[in-house]
Structures are given as structure tokens and as C-alpha cells.
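# Quick check, what structure comes out for this input:
(one chain, ligands or ions: 1)
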Amino acid sequence: MELFSSTVLIILGCVALFLFLQRKNSHRPPCVKGWIPWIGVSFEFGVAPLEFIEKTRIKYGPIFTLIVMGNRMTFVTEEEGVNVFLKSKELNFELAVQNPIYHTASIPKNVFFTLHEKLFILMKGKLGNSNLPQFAEQLTEQLHEQLKSLGTHGTMDLNNLVRNLLYPSTTNILFGNGLFPVNKRKIQEFHEHFQVYDDSFEYGSQVPEHFLSHGLTIFISFKQTLIQILLDAIETETSEQNCPKYMLLMLWAALSNVVPATFWTLAFVLSHPDIYQTIMEGISSVFGTAGKDKIKVSEDELKKLPLIKWCVLESIRLSGPGILARKVMKPVKILNYTVPSGDLLMLSPFWLHRNPKFFPEPESFKPERWEKANLEKLAFLDYFLAFGNGKYQCPGRWFALLEVQVCVILLLYKYDCSLLDPVPKQVCIFRITNIIIIFKFDINPNPLVLITRDDQIDVPT
Ligand code: HEM
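Numbering: from 1, shown residues only. Predicted coordinates for the structure are as follows:
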């Protein structure tokens with residue numbers, strides 16, 4: 001009899017606990033768990049993350065949780081959730097990114113936590129505004145060198161063109177002059193390995209081994225660059241073997257977003273003839289007749305060409321990063337829900353930038369909307385989150401904006417350009433690897449003509 005009553009009591013206790021947990025969980029955001037425990041919706045999310053986020057938002061509302069490989073990812077898409085993401089003190093950047101950093105660059109947890117703050121401060125200082133004049137000079141020099149190899153005319157895929165200009169220029173400036181391979185086969189290998197790494201970064205896969213070993217050990221011998229400063233700090237705090245891993249990460253951070261930003265700026269400008277014309281008039285008024293000289297682009301000149309900076313920012317708005325993540329340290333309230341500690345709070349700048357409440361006519365390329373931003377005071381438009389936010393906002397943002405502007409100016413000044421291939425629909429804007437826009441360049445004063453895909457492509461060597 002006694003055994004029977006204890007069993008009943010245990011069962012009742014379990015039912016009560018179950019109901020209690022159910023009740024507690026009912027205040028959580030709707031959760032999409034998929035069919036397989038732990039795996040959750042990993043497959044659907046992995047195949048097309050942005051589309052999946054939007055589909056789920058339409059079905060479940062402005063806040064929802066996805067189970068992805070054992071992680072609870074809670075997405076916020078509207079004002080209240082976004083404001084919590086931007087302002088709450090209960091969210092942590094380092095705890096959210098440590099795992100992906102481990103999976104993509106093999107940097108162990110303890111090394112990451114020991115070094116992160118210190119390296120971030122060093123990068124922020126070195127890439128900060130006070131060093132921009134020096135970077136403008138170096139970028140102009142490097143890009144002129146790369147433009148030389150394009151010759152007087154030719155045709156190539158826009159993505160390829162931009163990578164050919166920016167990979168060597170950025171690598172030489174940040175990692176040391178002469179580092180980037182000069183041999184055609186090695187350059188091709190660099191492009192291929194970088195592409196593989198970039199493509200797999202989001203999904204946290206492993207680094208192609210020979211990229212790590214062949215591509216990065218050489219970084220260690222270069223002085224005076226941003227990288228040397230970082231390497232000194234890494235070596236002081238941890239073992240030398242972590243240096244190449246950090247260099248790979250740094251290289252990825254520096255190249256992966258600048259290439260699409262430049263690609264889209266050129267694509268949007270060239271597909272808006274009125275904007276292209278106004279930009280060319282500006283360039284001629286500042287530098288003289290297009291194509292004549294080896295011009296120097298400095299900060300002062302850029303200030304006279306605000307439309308170009310607005311075009312860059314507008315292109316980044318439309319092609320901005322897919323997801324930002326923060327770890328929830330203590331439960332946070334959003335709308336009528338409580339997001340529990342341990343969740344990853346996720347925000348998609350890509351979709352936020354397409355919300356008409358924050359950006360009227362969000363799908364349109366409207367550089368003039370940037371007139372309202374206080375760029376002089378280093379402020380972007382509200383809810384523009386392409387560079388993240390808070391304490392660990394992208395330290396390379398001013399360098400990146402400078403780089404795209406200088407690249408676009410030098411290219412448009414030297415060559416006459418126009419597009420024939422249409423700019424693809426906005427929703428597939430995120431990945432440029434599959435987008436082919438053929439680009440023809442003819443040295444000024446000959447008119448630059450954009451050719452069709454049927455025309456012959458001569459890739460400059
Ligand atoms: C258009 C170009 C770029 C975009 C859109 C971009 C975007 C971002 C974003 C969204 C983050 C995460 C911030 C957060 O979660 O709050 C980030 C971090 C970072 N970015 Fe950029 N970035 C760009 C260019 C660059 C460049 C050129 C460099 C280096 C020269 C760079 C270096 C970094 C680094 C090192 C971090 C990690 C900061 C940390 O660990 O705390 N980025 N970037």
C-alpha cells in the first residue's frame with residue numbers, strides 16, 4: 001500500500017513539474033523544432049538561411065526560436081526585439097561568436113577569451129579614423145598597380161574583376177607588401193581556397209588544410225603592418241601556432257565583405273545612368289577630365305564626392321550581412337515573451353534593412369537617403385546594422401568604406417563603363433558567387449560599353 005501511494009505521489013509530482021515547465025515555456029517565443037531532436041531545422045536553415053528566416057517570420061510572427069544543431073536561436077525582426085538586441089546589457093558578443101570561431105579557425109576557447117578584447121582594441125586603433133589618410137595613400141598606390149594589369153580594355157565578370165583588384169591590394173596593405181602571390185597559378189589557388197573558406201564560413205565547417213599551412217605561415221615575417229602588431233600580441237599571450245589561425249580569420253574578415261560591397265556599388269551605380277552621370281561629373285570636377293592622369297585620392301577629395309560614399313553605404317544596406325548573434329546571459333523580455341538565458345539572440349541586418357518602417361521603399365537603390373545620416377560625426381542611419389553594433393562593432397568599417405570608394409573612383413576615372421547584364425532580383429543579392437555580370441572596360445576617353453554574355457571574355461592575366 002505504501003509503495004502504491006509513493007508511486008502515485010511521484011507520478012503526480014512529475015505531472016505537476018511537467019505542467020509547471022509547460023506553463024513556463026508557454027511564455028517563450030514560438031519554437032520551430034523540426035522532426036529530429038537536436039538536429040531541429042538545421043537542414044532547411046542551412047540550405048537557404050535568409051529565405052527560411054523570412055518564411056518563419058511570416059508564419060510565426062516577429063519573434064521565434066529555431067532549433068539548429070542543438071542551439072536555440074531566437075530571431076527578433078521588429079522594433080521592440082531589435083531595440084533589446086541593440087541595448088540590453090544581458091547579451092554577450094564573445095560567448096555568441098566563440099563557437100563559430102572555434103569551428104572555422106580552430107582557435108580554442110581559452111585562447112579566444114584571453115586574446116579577444118586585446119586584439120580588438122589593437123585593430124580598432126590601427127584601423128581607426130586617424131590612420132585613414134595613410135590608408136588612402138596606400139590604397140591609391142596599390143589599386144593603380146592592379147589597374148595597370150587590366151590594360152587598356154577588356155571584358156570580364158564583375159565579381160572576378162573586383163576580386164582581382166581587392167585581394168592583392170588589401171592583403172598587401174594589411175599583411176605586408178609583396179605577400180600576395182604574383183604567379184598566375186598561385187593567384188588562382190588563392191582565389192579558389194578563399195572562396196571555399198568563405199562559402200563554408202557561415203556553416204562553421206573546417207578550414208581547407210593547405211590554405212592554412214601554405215597560405216598563412218608566411219605572414220609571420222612581415223613588420224609594421226596591422227598583422228605584425230596582432231602577431232606580437234598573440235605570441236606574447238599564447239603559443240606561436242595560434243598566429244596563422246588568427247591571420248586566416250583576419251584575412252577573411254578583411255576580404256569577405258569588401259568584395260561584395262564593391263561589386264554591388266559598381267553594379268548599382270552602372271545600372272542607374274542618372275547616378276552614374278552625376279558621379280562622373282563629380283569625379284571630373286575634382287580630378288579633371290576622366291582618364292588623363294594617375295590621380296591621388298585623399299580624404300579631402302572624398303569629402304567633395306559625398307554621392308559616392310552614399311552609393312557605397314546604400315549598396316551595403318542592400319547586400320548587408322545575413323545574421324548577427326548575441327548570447328542571452330539573463331532572461332530578457334520581448335513583447336509578451338521571455339527569451340531564456342542560454343539562447344542565441346539573432347538579428348538579420350539583411351531583413352532589417354528591407355523593413356519599410358526603418359527604410360522607406362527598402363528595395364530601391366536610393367543613395368540620397370544617406371543625406372540624413374550624420375556621417376561627419378561618424379554616425380550611420382538608425383537601424384543600419386551592416387557593421388554590427390555595440391562594443392564590438394566592426395573595427396574595419398572606416399577602412400572598408402574608404403577602400404570601396406577609392407576602388408570605385410579609380411576604376412570609373414580610368415575606364416568608361418556601363419552594364420548590359422541586368423542586376424539580379426534583390427532577394428538573391430546575398431551571395432555573389434553565382435551571379436555573373438559581364439563587364440567591359442575601355443580606357444577613357446573611349447566610351448566604356450557593357451557587353452552581353454555572348455560576347456567574348458578576355459580575362460586579363
Ligand atoms: C563592407 C565591409 C564590411 C562589413 C559589412 C563588415 C561587417 C562586420 C560585422 C557585421 C561584424 C560583426 C559585428 C557585430 O556582431 O556587432 C564585423 C566584425 C569584424 N570585422 Fe568587419 N565588416 C567589413 C569590413 C571589414 C574589414 C575591411 C575589416 C578589416 C580590415 C574587418 C574586420 C572585422 C573584425 C576583425 C571583426 C571582429 C570584431 C571582434 O572580434 O570583436 N571588417 N564586421
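# which bits of the stretch 151-300 of the chain sit near the ligand?
Counting by C-beta under 6 Å from any ligand atom, the stretch 151-300 of the chain comes close to the ligand at Leu174, Ala253, Ala254, Asn257, Val258, Ala261. Bear in mind the C-beta positions are built from the backbone N, C-alpha and C, glycine included.
# Take these and lay them out in TSV including neighbour count and secondary structure.
Listed next are those as TSV, based on neighbours: other C-beta atoms under 10 Å; DSSP: H, G, I helix; E, B strand; the rest coil:
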residue	neighbour count	secondary structure
Leu174	27	helix
Ala253	16	helix
Ala254	24	helix
Asn257	22	coil
Val258	23	helix
Ala261	24	helix
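# now the residues you listed as CSV including distance to Arg354 and pLDDT?
Formatted as CSV, these follow (distance: C-beta to C-beta, whole Å; pLDDT from 0 to 100):
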residue, distance to Arg354, pLDDT
Leu174, 32, 88
Ala253, 24, 88
Ala254, 26, 91
Asn257, 18, 91
Val258, 22, 95
Ala261, 17, 95
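# how about the strands in the stretch 351-461 of the chain?
415-416, 438-443 (DSSP state E, counting those that start in this stretch).
# could you pull out the strands for the stretch 101-250 of the chain?
153-157.
# can you list the weak-confidence ranges in it?
The model of the stretch 101-250 of the chain has pLDDT under 70 over residues 201-229, 239-240.
# Which residue does it have closest to the ligand?
With C-beta to the nearest ligand atom, the shortest gap between the stretch 101-250 of the chain and the ligand falls at Phe120, namely 4.4 Å.
# Tell me how many other residues surround that residue.
15 (other C-beta atoms under 10 Å).
# ditto for Pro362
Neighbour count of Pro362, defined by other C-beta under 10 Å: 18.
# and it, how far is that from the ligand?
Separation of Pro362 from the ligand (C-beta to the nearest ligand atom, to the nearest Å): 17 Å.
# Nearest residue to that residue in space, ignoring adjacent ones along the chain?
Excluding the flanking residues, the one nearest Pro362 by C-beta to C-beta, 6 or more residues apart in numbering is Arg354, at 4.4 Å.
# Hmm, the one you found is touching Glu363, no?
Yes. Using C-beta atoms under 8 Å, Arg354 is in contact with Glu363, at 6.7 Å.
# quick one, which of these two is more surrounded?
Using other C-beta under 10 Å, the more surrounded residue of Arg354 and Glu363 is Arg354, with 18 against 13.
# Quickly note the distance from the more buried one to Val82.
Separation of Arg354 from Val82 (C-beta to C-beta, to the nearest Å) stands at 13 Å.
# quick revisit: and of the strands of the stretch 351-461 of the chain, who's closest to the ligand?
strand 438-443 (20.1 Å).
# Contact partners for the closest residue to Val82 other than its chain neighbours?
The shortest distance from Val82 to any non-neighbouring residue, by C-beta to C-beta, 6+ apart, is to Val76 (5.8 Å). Shown in contact with Val76 (C-beta atoms under 8 Å, 6 or more residues apart in numbering): Pro62, Ile63, Val82, Val84, Phe85, Ile334, Leu345, Met346, Leu347.
# Dump those residues into JSON lines; add neighbour count, secondary structure and distance to the ligand as well.
Output for the contacts of Val76, formatted as JSON lines (neighbours: other C-beta atoms under 10 Å; DSSP: H, G, I helix; E, B strand; the rest coil; distance: C-beta to the nearest ligand atom, whole Å):
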{"residue": "Pro62", "neighbour count": "17", "secondary structure": "coil", "distance to the ligand": "21"}
{"residue": "Ile63", "neighbour count": "23", "secondary structure": "strand", "distance to the ligand": "19"}
{"residue": "Val82", "neighbour count": "19", "secondary structure": "helix", "distance to the ligand": "13"}
{"residue": "Val84", "neighbour count": "22", "secondary structure": "helix", "distance to the ligand": "15"}
{"residue": "Phe85", "neighbour count": "23", "secondary structure": "helix", "distance to the ligand": "10"}
{"residue": "Ile334", "neighbour count": "21", "secondary structure": "strand", "distance to the ligand": "19"}
{"residue": "Leu345", "neighbour count": "26", "secondary structure": "strand", "distance to the ligand": "11"}
{"residue": "Met346", "neighbour count": "23", "secondary structure": "strand", "distance to the ligand": "11"}
{"residue": "Leu347", "neighbour count": "23", "secondary structure": "strand", "distance to the ligand": "9"}
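# separation between Ile234 and Ala254?
Distance from Ile234 to Ala254, counting by C-beta to C-beta: 17 Å.
# ugh, typo on my part, it should be Ala96
Counting by C-beta to C-beta, the gap from Ala96 to Ala254 is 21 Å.
# now do Glu79
33 Å.
# Can you tell me the closest non-neighbouring residue to Cys329?
Rather than Cys, residue 329 is Met. Closest residue to Met329 apart from its sequence neighbours, by C-beta to C-beta, 6+ apart: Glu90 at 4.9 Å.
# Same check on Ser284?
Ala290 (5.7 Å).
# Next up, the contacts around that neighbour.
Shown in contact with Ala290 (C-beta under 8 Å, 6+ apart): Met280, Ile283, Ser284, Leu412, Tyr413, Lys414, Asp416, Asn444, Pro445.
# Let me see the domain layout of this structure.
As assigned by automatic domain parsing, the chain contains the domains 26-107+322-352, 108-321+353-443.
# any idea how far the last one is from the chain center?
Taking C-alpha atoms, centre = their mean, to the nearest Å, one finds the center of domain 108-321+353-443 at 10 Å from the center of the full chain.
# what about that domain, start to end distance?
Length of domain 108-321+353-443, first residue to last, C-alpha to C-alpha, to the nearest Å: 50 Å.
# Let me know whether Val312 touches Phe263 as I believe.
No. Taking contacts as C-beta under 8 Å, Val312 lies outside contact range of Phe263: 11.5 Å.
# pLDDT at Arg354, what is it?
Note for Arg354: predicted pLDDT of 94.
# Next: the one 4 residues further on.
pLDDT, the model's per-residue confidence, is 96 for Phe358.
# Could you do Leu19 as well?
55.
# same deal with the one 3 residues further on?
Gln22 is assigned a pLDDT of 56 by the prediction.
# do the same with the one 5 residues further on
At His27, the model reports a pLDDT of 93.
# In which helix or strand does the closest residue to it other than its chain neighbours reside?
Leaving aside its chain neighbours, His27 sits nearest to Thr338 (4.9 Å; criterion: C-beta to C-beta, 6+ apart). Using DSSP states H and E, Thr338 maps to strand 337-339.
# Who are the packing partners of that strand?
Judged by 3 or more C-beta pairs under 8 Å, 6 or more residues apart in numbering; DSSP states H and E, strand 337-339 is in contact with strand 63-68, strand 332-334.
# neighbouring contacts of the shortest one?
In this case it means strand 332-334. Contact with strand 332-334 is made by Pro29, Ile63, Val76, Glu80, Gly81, Val84, Ser88, Glu90, Leu91, Thr338, Val339, Leu345, as judged by C-beta under 8 Å, 6+ apart.
# tally of neighbours for the closest residue to Pro181 other than its chain neighbours?
Excluding its sequence neighbours, the residue lying closest to Pro181 (C-beta to C-beta, 6+ apart) is Ile187, at 5.2 Å. Ile187 has 17 neighbours, counted by other C-beta under 10 Å.
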